[in-house]
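> Starting from these lines, generate the structure:
(3 chains)
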Amino acid sequence: MTNGSTQQEKPVLLDVKDLKTHFFQRQGVLKAVDGVSFTVREGEAVGLVGESGSGKTMTCLSLMRLVPRPGARIVGGEVWFRDQNLLELTEAEMREYRGHRMAMIMQDPQTSLNPVLTIGDQVMEPVKLHLKERGAQALERVLEALRAVRIPSPEDRLRQYPHQFSGGMRQRVVAAMGLVTNPELLIADEPTTSLDVTIQAQFLGLIRDLQREHQTSVIWVTHDLGIVAQMCDRVNVMYAGRIVESGEVRKIYKEPQHPYTKALLDSVPIMGNPRPRLYQIDGQPPDLRSIPTGCPFWPRCPSVMDICKEQYPPKTPTGGDDFVHCWLAEK
Amino acid sequence: MLRYIGLRFFQALLGLWFIATLVFVLSRSIGDPAEIFTARNSGVDAREIMAQKLGLDKPLYHQYALYMGQLVRGNLGKSVRNGIPVTQILAERLPATFILGLIALIFAVAVSIPLGVLGAVYRDSPIDWIAKVIAFLGQSMPPFWLGIMLIILFAVVWGIVPPAGKLGPTSYILPAFTLGWAVMAGMVRLVRSSMLDVLDSDYVTMARAKGLAEIVVVSKHGLRNALIPVITYSSLILGAFMNGSVVVEQVFAWPGIGTVAVQSVVSRDFPVIQGVVIVFGGFFILINFFVDILYAVIDPRIKYTAQ
Amino acid sequence: MAEESTQLVVTTGASIWRLRLIAVASGLRRAPKIPTAVLGVLMVFALFGPWIAPHNPVAVDLANSFSPPAWHAEGTVSNLLGTDKLGRDILSRLIRGARVSLALSLAIIGIGGGAGVILGLISGYSGKMVDTVIQRGVEVILAMPTILVALVFVFSVGRSFESVMLILSPFVAARFTRIVRGETLSVRERDFVAIAQVIGTPTWMILLKHVLPNVFNTVIVLATLEVGHLILLESSLSFLGVGVPPPLPAWGLMVADGREFISSAYWIALFPGLAILLAVLSVNLFGDWLRDILDPRRRQL
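Below is the predicted model:
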């Protein structure tokens, strides 16, 4: 884990400001991402945590400008990649970034790889496209990438198809595909959710090593607080399309400010710390088509106050780059 | 791969055998075989000779052996209507049906694939609307009526093509269009929905995430996967063509196997029907066999997993 | 983005039928107007045909043969759509033909669909052996060219309303079986089925009370679309001369009758075909709309 105190001196790689992505359906507007702001510095590992439907995946797709059309659209905000607002680029310019300076890994290795193309072909694509390499040079680059993700005898496996690999290996191929161009930012959307626990540990270790070696920034999207604890320097907690708390992992885990963060941490059963009942957060995540006024968490909040039902709490800094959106902290 | 081909080949042979046997069972169950196999207006003697030939006095398995023996040697008997050997009738008529079917198939594929793909890629655009309308109309329109309306318009009113029969290159146009139309409509729908599914998949999103241009994503990553269900459905498509031939040939008085089939039913000419069923069935199995091979070539999952 | 669709989870069969009825009834107001209207007209024709038809559909009147439709110079309002070569009124025959088409379709769907649903439930719910046997049978049937088989069948058995029914039912059944089997396979994995099994409910009751209500929506949609398909098939058979025998005025048969006169009396072939087109189109459009509100997979809850 990188030393927390030097983190703040590293330059900012990604600066997301008030990002808004909405779905436009027959029944109404679904605010999947509703004013999300966070930063990622060079070499930093940042977690994006939340329940299903909190908007984590949509945020990632919005960063890559891969929001599903028709139906959804980025309607506001800025996404600064170093000194360029990605939302202002043309599609052709954006394609220079995708798979080159920023890469993505998705959850299900079964479906992330094209079943009718060889894995060699698929890992080769970004090399040919972005690194403009050909022939033996390109081939060597691909083999290097496969070796880096610890695929044994990659030369033999180039001509094989995804279904001939096990789940864990497939996910490593996907990682190779993403990292072959040495991107500055890697977005990992729940990459271990469909893997066995032991494979998961291997995979996480692999990514951490690669990250340290190349100083790649990583955004870890997950609902698993354990992964965040292991892999991330900072964490952003999302609820109903917004970030409700953001801060250094160690600090937040020790002293969560937002009731939702507290509740999430409390729901994790701890060995050797027996409790009569498993803690569960009351209620359900809100329907994103009809978010309640005020703070979207108020119907489930154990410390709800009157003002919570009326106004969304403003950003309260809690030290350094950290912040929280809660009326309790405002006091 | 070889094992796969071998297995499919064996299954094809099995299918052929099955059809031949089915036809045999049919011939022994719908009436007096001697009568249905002998030419009309022939006397009792002719029927007795036929009974002898078919081995009707012998046990059933003996008859079956005789039948199979004849079949393998290519002897399908003679038409009871005019005494012409069935194989000759079929040989004369088969090419006409085959060529018509081929042209119709090319037409159907050439139109439906681009239309379906474009409809999916440019969803809800005017071209998608056209695709959907064609798919709908095509599946709702009785093909025989379409043929007749086309004849009225192009042959009677405008006179640019002959109204019926196989007379020169222009006479192929209307029948091939009519035959291909219904199949094309179904295929547009299939291709479009298959392409929509593929475009929604994770690997397409990943391809885009790699920064590939949209045209590469659609053609390299999308198309090949989208066409797999089309190949899966090809046996149904073939069946539709066979059905269609019968009707279309009637409408256009096309001298093919379809008209032969209808004629023989109406005139109760069993040997000819028997021949038609065997030929159609055999053809069907053969095409399915080739499609299975094609399937294996396109989808590597079939090639490399034990079947 | 794959979303988990919310299936109607059923633990008792009773109340879901009422819920469904309410859904369809309230949805009917939003039904596509023209197809529903056409279907309504067809049903009226089918039910009240004999009383609505201006003339006797089978009455021969040679003096009046080949009379053109009303908007032609020699046409009469009495024979609005003209007469055929035997002087029979086209419009009346169309109306009477509606009954033939609909009756035949409904009968075949009833028999074939019923058998198909039962087989599908059994196939999807039973063990590997039974399932494989039924599946092979279904595949063989689906692979056969319908019209050719129908031709041979009618050759063997003779031409009648019943023979058409008999030969087309297996094809319909096969389609139902395949779809119902698919649905049954997924419903079988649901918790409420497991619970029913654990408490010892007999299989037939599980199928009836738990599985069937959940596949029912799909069945209804399929049945509607099959009506269109059957009308097309039956009219093709009639056109070829192996459908229901005369003097019943089947639409396909009318088109065949008109075939030889297309240059001189186009109306004999045109109108019956148009009727088929309109009927099938309306059924398909209606079925598509029905699928939007009934089939849980597509529903936006």
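> Report the buried residues of stretch B:10-22.
For stretch B:10-22, burial by neighbour count (16 or more other C-beta atoms under 10 Å in any protein chain shown) applies to B:12, B:15-16, B:19-20. For the C-beta atoms, the positions are set from N, CA and C on the backbone; glycine is no exception.
> pLDDT of that stretch, averaged?
What stretch B:10-22 shows for mean pLDDT is 82.
> Okay, and whichever residue of chain B sits closest to chain C sits in which element?
Proximity of chain B to chain C (C-beta to the nearest C-beta) peaks at residue B:145, 3.0 Å away. Element membership for residue B:145, per DSSP states H and E: helix B:143-150.
> That helix packs against which elements?
With contacts taken as 3 or more C-beta pairs under 8 Å, 6 or more residues apart in numbering or on different chains; DSSP states H and E, helix B:143-150 sits against helix B:173-199, helix B:234-252, helix C:212-240, helix C:251-259, helix C:267-294.
> The closest residue to residue C:225 other than its chain neighbours: what's it in contact with?
Nearest non-adjacent residue to residue C:225, counting by C-beta to C-beta, 6 or more residues apart in numbering or on different chains: residue C:287, 4.2 Å away. Neighbour list for residue C:287: C:221, C:224-225, C:227-228 [criterion: C-beta atoms under 8 Å, 6 or more residues apart in numbering or on different chains].
> For the residues you listed, give me CSV that also has pLDDT and neighbour count.
Compiled in CSV, those are given as follows (pLDDT from 0 to 100; neighbours: other C-beta atoms under 10 Å in any protein chain shown):
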residue, pLDDT, neighbour count
C:221, 84, 21
C:224, 88, 20
C:225, 86, 20
C:227, 90, 23
C:228, 89, 22
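> for those, which one is nearest chain B?
Distances from chain B to the contacts of residue C:287, taken by C-beta to the nearest C-beta, are shortest for residue C:228, at 6.6 Å.
> my read: the closest one touches residue C:280, true?
Yes: proximity of residue C:228 to residue C:280 meets the contact threshold set by C-beta atoms under 8 Å, at 4.3 Å.
> Between these two, which contacts overlap?
B:139-140.
> number of nearby residues for the closest residue to chain B within chain C?
In chain C, no residue comes nearer to chain B than residue C:273, which is 3.0 Å away by C-beta to the nearest C-beta. Per other C-beta atoms under 10 Å in any protein chain shown, the neighbour tally for residue C:273 reads 24.
> taking the helices and strands packed on helix B:143-150 together, which one is wrapped up most tightly?
With neighbours defined as mean count of other C-beta atoms under 10 Å in any protein chain shown, the helices and strands packed on helix B:143-150 peak in mean count at helix C:251-259, which reaches a mean of 25.
> Let me know the pLDDT of the residue of chain B closest to chain C.
90.
> dump the residue contacts of it.
Per C-beta under 8 Å, 6+ apart, neighbours of residue B:145: C:255, C:269, C:272-274, C:276-277.
> Likewise for residue C:60?
Residue C:60 is in contact with C:86-88, counting by C-beta under 8 Å, 6+ apart.
> Out of these, list just those in strands.
Assignment to strands by DSSP state E places none of the contacts of residue C:60 there.
> Looking at these, which one is closest to chain A?
residue C:88 (49.9 Å).
> That closest one contacts residue C:58, doesn't it?
Yes: under the criterion of C-beta under 8 Å, residue C:88 makes contact with residue C:58 at 6.7 Å.
> Pick out whichever of those two has more residues nearby.
Taking other C-beta under 10 Å, residue C:88 and residue C:58 do not tie; residue C:88 has more neighbours (25 against 14).
> Backbone dihedrals for that one, please?
phi -80, psi 140 (degrees, to the nearest 10).
> do the same with residue A:98
Backbone torsions of residue A:98, given as degrees, to the nearest 10, read phi -70, psi 130.
> That one contacts residue B:211, doesn't it?
Yes: because the distance of 3.7 Å satisfies C-beta under 8 Å, residue A:98 is recorded as touching residue B:211.
> and residue B:129, that one's in a helix?
Yes: per DSSP: H, G, I helix; E, B strand; the rest coil, residue B:129 lies within a helix segment.
> Report how many residues lie close to it.
Neighbour tally, residue B:129, other C-beta under 10 Å: 11.
> now swap in residue A:308 and tell me
Residues near residue A:308, counting by other C-beta under 10 Å: 23.
> what about it, which helix or strand?
helix A:306-310.
> what sits in contact with each of residue C:88 and residue C:58?
Joint contacts of residue C:88 and residue C:58 (C-beta under 8 Å, 6+ apart) are residue C:249.
> among the helices and strands of the chain, which has the poorest mean pLDDT?
By default, I'm working from chain A. helix A:4-7 (a mean of 50; mean pLDDT, DSSP states H and E).
> show me the contacts for residue B:179.
Taking C-beta under 8 Å, 6+ apart, one finds B:100-101, B:104, B:143, B:241, B:244-245, B:248 in contact with residue B:179.
> can you pull the pLDDT of the residue nearest to it when sequence neighbours are not counted?
Nearest residue to residue B:179 in three dimensions, chain neighbours excluded: residue B:104, at 3.9 Å (C-beta to C-beta, 6+ apart). Listed pLDDT for residue B:104 reads 92.
> List the buried residues in the one helix or strand residue B:104 maps to.
Using DSSP H and E, residue B:104 sits within helix B:86-121. Within helix B:86-121, the residues that count as buried by 16+ other C-beta under 10 Å are B:86, B:89-90, B:93, B:96-97, B:100-101, B:103-105, B:107-109, B:111-113, B:115-121.
> Show me the residue sitting in the middle of chain C in space.
Centroid-nearest residue in chain C: residue C:227, 1.3 Å away (criterion: C-alpha atoms, centre = their mean).
> Was I right to think that one contacts residue C:108?
No: distance between residue C:227 and residue C:108: 9.2 Å, which falls outside the contact criterion (C-beta under 8 Å).
> among the contacts of residue C:60, which are within reach of chain B?
Within the set of those, contact with chain B (C-beta under 8 Å from any C-beta of the partner chain) is found for no member.
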